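Following is a predicted model, sequence given first.
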Amino acid sequence: MKFIGAQFSYNRNASISMCPTAIVGKEVSAGLNSSKAPATRSAKHSVINFAMQCLLADKSVSAICIPDNSTYAEISNPNGVLGVFFNGRSSVSLSSSGGGSSSGLSVNKPIAIYTTILLYVLNSASSQFEETQKAFAGVKEEYEKNGIVSESAMALACSCFYYDTKDVFPEEIAETDLTRDVIKMINQGVRTNSFQYADKACPVNKVFTHIEADIKLKQEETRKSDSSFMDDCKAGKYEIGMNWTKQQQEQIVSPDMLENYVNNKTFEKLTKVAYYELSEVVTRLDMGKEGRDAIGVNYLNAIMVGKPGTGKTTAAEALSAAMGLPLYTIPVTKNTEEDVFSGMTKTQNGGFNFVSTPFLDAFENGGIVVVEEFNLADPGVLQGAIGQAIEPPFLVLKDGYQPVYRHPMCVFLFTMNTGTQGSREPNEALASRAPFVLVMEDPVPEVFIEILQKKSGDATNAKKVYNAYTKIIDYLKEEAAGSEDLPMSITTRHCIKALTIMKAGYSLKDAIEDTIIGALAVKDLEIARSVNENVLQVMPL
């Protein structure tokens, strides 16, 4: 394929819906140049017009890339799918069939090849392609705003592409078949997370024909996504916007809490699902529906499972801050009775008065109900108290006899620790009524350190405490194999408190001794002494 010059010699009669006046090879008014074009040269249209048409108007492209390395794209039309792999240097590999015809806007080799190379340029981090990236952004903005693009903007993008690439790629690019080995190499790149979706400049499809793409973004890309989600939370994107009473507003966690909250995928999923469910309810409320009719099928009952200190309660607080929902916490023990949920009559000032509960306040008036460690309670008591509250008929007998019904904006979160003393398997009938189950795992190392750093404001000490924590956990796993519950007795809470002790002027060893080692001593004094002697005291300061 003649790369240099071929883009302008490629001619066809079909118009481009984005810019009907664009004809390949046609010059536009004098003086329209890219920054790299000679002052005497006018911009002109090239086959890049059709590449932009595929990306922005037809949306017929699926693509993945390794920025500044290679790009694989599949361009589809009713006649088939053409796969192109560009190695970023001097050759392209194409699938041997399904390329479409050369009439109209059907996909063919020149368009497919130039679309793939354009995607490579748009996803590059190199400054050598910045003129093309800027010009394409202008085309995209015009098209999204007006549904059509000016001839000058299209031609400028073509001209920028020409002058950005003419000294980078060779005058001729070799064509080869998209062989099994190439496809195998691409699939291996997907499995090892080398590739990512080529959607930096514009959205691309994520369904492929010739390869098996199931891309998990690189960790740093995931963290960027996390950051974007948290920015949306802080900006109020997930607020429901109800008119709460002054008393209810006092139960809403301040959005300032989100400034120091470290996101995780479990919280993100919980927030997005809750927002979807409640948005559907709000739509029906706006239509004048009430109660059970407003709830419909969009009610949220979720269980959060994990060892102590993994952030279950904190995630509920962050949900309140992000969505602007009142938060009511109901701690549960083995001695919890039904009146914790239905309210109770007490003797006050010589008379009998009904006393409400946080559960009833949220159930009747809306908000997040957090039933903490619900698996500690007697399963029969819990099922009898709220079994009909969290699913239709959404009923609780207030004070034991007065029927009240679930508020449409009520969310139930049940938390439970695993493997802790006193816990038991939850009632199956109740658990089945909360089918959305979120497992809160220990945070990965960099997230764990980030949590400690945000709590303490000291990155160096955060890393020191984390390293001590991991060394102690590793020692327990090796030396206390018969005591699986011991590692569960030390949590992020102990690490955070250790940092507080260090801020008060004590050493790392003092802080660890009075938090993590102390927590172990509560469980097994001999093991605690062993950890202190064999791990803590031999650690470098």
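Structure's in. What do you need?

residues making contact with stretch 433-451?
Stretch 433-451 is touched from outside by 219, 262, 264, 266, 269-270, 273, 300-307, 310-312, 315, 387, 390-391, 412, 414, 459, 462-463, 466, 470, 492, 496, with contacts defined as C-beta atoms under 8 Å, 6 or more residues apart in numbering. Placement of C-beta: from N, CA and C, glycine included.

let's see it at 7 Å
262, 264, 266, 269-270, 273, 300-306, 310-312, 390-391, 412, 414, 462-463, 466, 492 (C-beta atoms under 7 Å, 6 or more residues apart in numbering).

again, but for stretch 9-27
Contacts of stretch 9-27 (C-beta under 7 Å, 6+ apart): 8, 42, 44-47, 49-50, 52-53, 56-57, 104-105, 110, 143, 148-149, 151, 154.

Just the ones in strands from the residues you listed, please.
Judged by DSSP state E, the contacts of stretch 9-27 include no members of strands.

Helices - which of those land there?
Members of the contacts of stretch 9-27 lying in helices (criterion: DSSP state H): Phe8, Asn49, Phe50, Met52, Pro110, Tyr143, Glu151, Met154.

out of those, which is most surrounded?
Compared across these, Met52 has the highest neighbour count, 30 neighbours, by other C-beta atoms under 10 Å.

And the strands in the stretch 301-450 of the chain?
301-306, 327-331, 344-348, 351-355, 367-372, 395-398, 402-405, 410-417, 436-439 (DSSP state E, counting those that start in this stretch).

Note down every partner strand of the second one and its orientation.
Using DSSP bridges, the strands paired with strand 327-331 in its sheet are strand 367-372 (parallel).

repeat for the first one
Sheet neighbours of strand 301-306, with direction, are listed as strand 410-417 (parallel), strand 436-439 (parallel) (DSSP bridges).

Pass me the low-pLDDT residue ranges in this protein, would you?
10-14, 30-35, 96-107, 192, 216-227, 345-351, 419-425, 480-484, 541 (pLDDT under 70).

From the recorded domain assignment, give the ranges for it.
6-197, 223-439, 445-536 (automatic domain parsing).

Looking at those, spot the one closest to Phe208.
Among the domains of the chain, the nearest to Phe208 by C-beta to C-beta is domain 6-197 (5.2 Å).

what's the first-to-last distance across that closest one?
28 Å (C-alpha to C-alpha, to the nearest Å).

what does stretch 453-465 give?
One end of stretch 453-465 sits 10 Å from the other (C-alpha to C-alpha).

what's the answer for stretch 58-77, then?
Stretch 58-77 has its terminal residues 9 Å apart, counting by C-alpha to C-alpha.

buried ones in it?
Under the neighbour-count criterion of 16 or more other C-beta atoms under 10 Å, stretch 58-77 has 58, 60-67, 70-77 buried.

and if you look at stretch 295-312?
295, 298-312.

Could you point out which of the residues you listed is nearest to Glu171?
Gly311 (57.7 Å).

So the residue lying closest to that closest one once chain neighbours are set aside versus Leu258, what's the distance?
Nearest residue to Gly311, sequence neighbours excluded (C-beta to C-beta, 6 or more residues apart in numbering): Met440, at 5.9 Å. Per C-beta to C-beta, to the nearest Å, Met440 is found 18 Å from Leu258.

Compare those two and say which is more crowded by neighbours.
Ranked by neighbour count (other C-beta under 10 Å), Met440 and Leu258 place Met440 first, with 21 against 17.

backbone phi and psi for the more buried one, please?
phi -90, psi 100 (degrees, to the nearest 10).

can you pull the contacts of the residue nearest to Met1 when sequence neighbours are not counted?
Distances taken as C-beta to C-beta, 6+ apart put Ile173 closest to Met1, at 5.0 Å, once the chain neighbours are dropped. Applying C-beta under 7 Å, 6+ apart, one finds that Ile173 lies in contact with Met1, Phe3, Ser90, Ser91, Val92.

got it, and Ile490?
Counting by C-beta under 7 Å, 6+ apart, Ile490 has contacts Ile472, Ile516, Ala519, Leu520.

do that again at 10 Å, thanks
308-309, 469, 472-473, 476, 512, 515-520, 523, 531 (C-beta atoms under 10 Å, 6 or more residues apart in numbering).
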